[in-house]
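Novice: show me the folded form of this:
(one chain, ligands or ions: 1)
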Amino acid sequence: MKIFTGPRIVPLEGREPEAFAVDGEWVVATGTRAELRERYPAAEWVDLDGALVVPGFNDAHCHPSQAALARVRVDLSAAADREAVRDALRARAATTPPGQWVVGQPLNEREVTGVDRDLLDTVSAEHPVVIVQYTFHRAVANSRALEVLGYYSPADAPPGGELTAGGDGRLDGWMYEQAWLDPWLPGPQRESIAPAGAESAQVAALRAVNAELHGVGITSYCDAIVTPLEQRMYTAARQAGELTPRVSMLLWHSYFDAAAWPAEQPDAAHLQLAGVKLMLDGAFSGGTCLCRHPYPSATGADNGLQVLGDAEFAETVRAVDAAGVRVAVHANGDLAIAKVLDAFEALPDRPGRPNHRIEHCSIVDDALIGRIGRAGVTPVPFGPFIALFGEAVQGFYGPERVEMACAHRSFLDAGVPVGGSSDFPIVPIDPLLALQSLVMRRTASGLVVGPGQRLGVLDALAVYTAGSAHATGDAAVRGRLTPGRLADFVVLDADLTAVAPDEIASVPVRSTWVGGSCVFSAS
Ligand SMILES: [Zn+2]
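Specialist: Got it, this is the predicted structure:
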């Protein structure tokens, strides 16, 4: 038994206690120091340094497994230019048997431009080479890879995918949506093009990623796409005692098998399957999401991309729901969100249904929010996107639509709980950066986007704690520092309610605790 005390404690439910008692991983009591001293005379006391204790941050939609696997593959996150990209891939090709895939990720196109088929052809003619662009909505391949995939002209793209070509009709190597996702996430019958490396290397990379996440206060996250490969990686880390955050996983739909879904998950507090992931449309900040009304979208199509056909989509939703499993659909544009709700509303009445989710749920209106509330659906909108991409988003969708983009305030006002999400490693995972964005809705250049959606800092905090817990069905045991919940918390060096809004993102994390154990300390 331990009793934690020290600075101001904000439990996000009930009165602020002076201290809380932790037995094993669980908060068992809160109260004044005197009350807890009397109740637990033998307990060990831990006096926390810092200014504010809040529930641990929970990112309801991110991809730490991809951040880890990027380090096992060819990690391009720090490559400064196209030559650096080429050299890193060449070095890997030199130690890879001919014919095997050489995969680089992520390509950060905000910094590195001019990567195409011709550049990758200078890496190798014997190896299929592919680079995954940072948004995970497209990838670029060399000639050998295009040949292996059977891609010779734009007409070879599968449904929901696109291959682009130059003026001469020759493919430029860029593969959009299903054109690269099909071979990347092919389902259990075929092998993925993505090499995985040794399990020990995966676990070491995951441990390093998790250590970084603890450093910004993360105690739980939901990995928004796993296949059996990532599932094995997390399981191996857990079995080795090296999985320090609490991890939920969304299984990519092509791997879903109702008969194989676990009826019970006894280790759910540490590692659990939380649902099945589908994607219906394109990217929000990339300008390819499916909207009702036209906009200057990145692909030139007038209102964005739909990546899964209506019939196949509805059928998959029905099958996953019938198995009693949570459905989580990536849908950014208002038309895509309406289609998801059409599918959810058509499901038969059934007691005990988990809360289905709409990932990102970026552009909404009052009617869609009403339908989301009535269907008991949980949106998981982007947390830091307005601060990071406000100009791009306003450029694509116009000032009127962005009033209802990442509409945290409108959801909460309608009584709809929302999760907090970064989509890391596409964007930085730092929850305090997201909190500042939710509170200010202001970009670095000073543009304020959709000021009507601003949240108070404690509401923003609740999104990234209790809201995210709700998104995986864990609101009863996570997200608040109250008896009966897990003792996951963060100690900050400043009181978030006392600093200026534009200082929230720079408040240092002093320490991070999972189940009453310290997983990060700044000192
Ligand atoms: Zn994602």
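Novice: pick out the residue of the stretch 201-350 of the chain closest to the ion.
Specialist: In the stretch 201-350 of the chain, no residue comes nearer to the ion than Ala224, which is 4.5 Å away by Cβ to the ion. C-betas here are computed from N, CA, C, even on glycine.
Novice: residues near that residue, how many?
Specialist: Ala224: 30 surrounding residues under other Cβ atoms under 10 Å.
Novice: quick one, phi psi at it?
Specialist: Dihedral pair for Ala224: phi -90, psi 0, per degrees, to the nearest 10.
Novice: gap between the nearest residue to it once chain neighbours are set aside and the ion?
Specialist: Taking Cβ to Cβ, 6 or more residues apart in numbering, and ignoring the residues beside it in sequence, Ala224 has His61 as its nearest neighbour in space, at 4.5 Å. His61 sits 6 Å away from the ion, taking Cβ to the ion, to the nearest Å as the criterion.
Novice: does His61 touch Gly419 like I think?
Specialist: Yes. Judged on Cβ atoms under 8 Å, His61 makes contact with Gly419 at a distance of 6.9 Å.
Novice: overlap of the contact sets of these two?
Specialist: When Cβ atoms under 8 Å, 6 or more residues apart in numbering defines a contact, the residues bordering His61 and Gly419 alike are 222, 380, 471.
Novice: now those residues as a markdown table including secondary structure?
Specialist: Below are those laid out as a markdown table (DSSP: H, G, I helix; E, B strand; the rest coil):
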| residue | secondary structure |
| --- | --- |
| Cys222 | strand |
| Val380 | strand |
| Ala471 | helix |
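Novice: all helices for the stretch 301-450 of the chain, in order.
Specialist: Listed from the start of the chain, the stretch 301-450 of the chain has helices (DSSP state H, counting those that start in this stretch) covering 310-322, 334-345, 366-374, 385-402, 408-413, 431-440.
Novice: give the other helices and strands that the last one contacts.
Specialist: Think helix 431-440. The criterion is 3 or more Cβ pairs under 8 Å, 6 or more residues apart in numbering; DSSP states H and E, and the helices and strands that helix 431-440 contacts are helix 385-402, helix 457-462.
Novice: deepest of the helices of the stretch 301-450 of the chain, which one?
Specialist: Per residue and on average, the most neighbours among the helices of the stretch 301-450 of the chain fall to helix 431-440, with a mean of 26 (mean count of other Cβ atoms under 10 Å).
Novice: so for that one, mean pLDDT?
Specialist: Averaging pLDDT along helix 431-440 yields 98.
Novice: could you do stretch 83-98 as well?
Specialist: Computed over stretch 83-98, the mean pLDDT rounds to 95.
Novice: run through who's touching that stretch.
Specialist: Outside of stretch 83-98, the residues that reach it under the criterion Cβ under 8 Å, 6+ apart are 74-76, 79, 102, 104, 107, 112, 115, 119-120, 122-124, 126-127, 129, 131.
Novice: the residues you listed, buried ones only, as a PyMOL selection?
Specialist: Per 16 or more other Cβ atoms under 10 Å, the buried members of these correspond to this PyMOL selection:
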select buried, resi 74+75+76+79+102+104+107+112+115+119+120+123+124+127+129+131
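Novice: contacts with the ion among the contacts of stretch 83-98, please.
Specialist: With Cβ under 5 Å from the ion as the criterion, these include none near the ion.
Novice: low-confidence ranges, the stretch 101-250 of the chain, go.
Specialist: Within the stretch 101-250 of the chain, no range satisfies pLDDT under 70.
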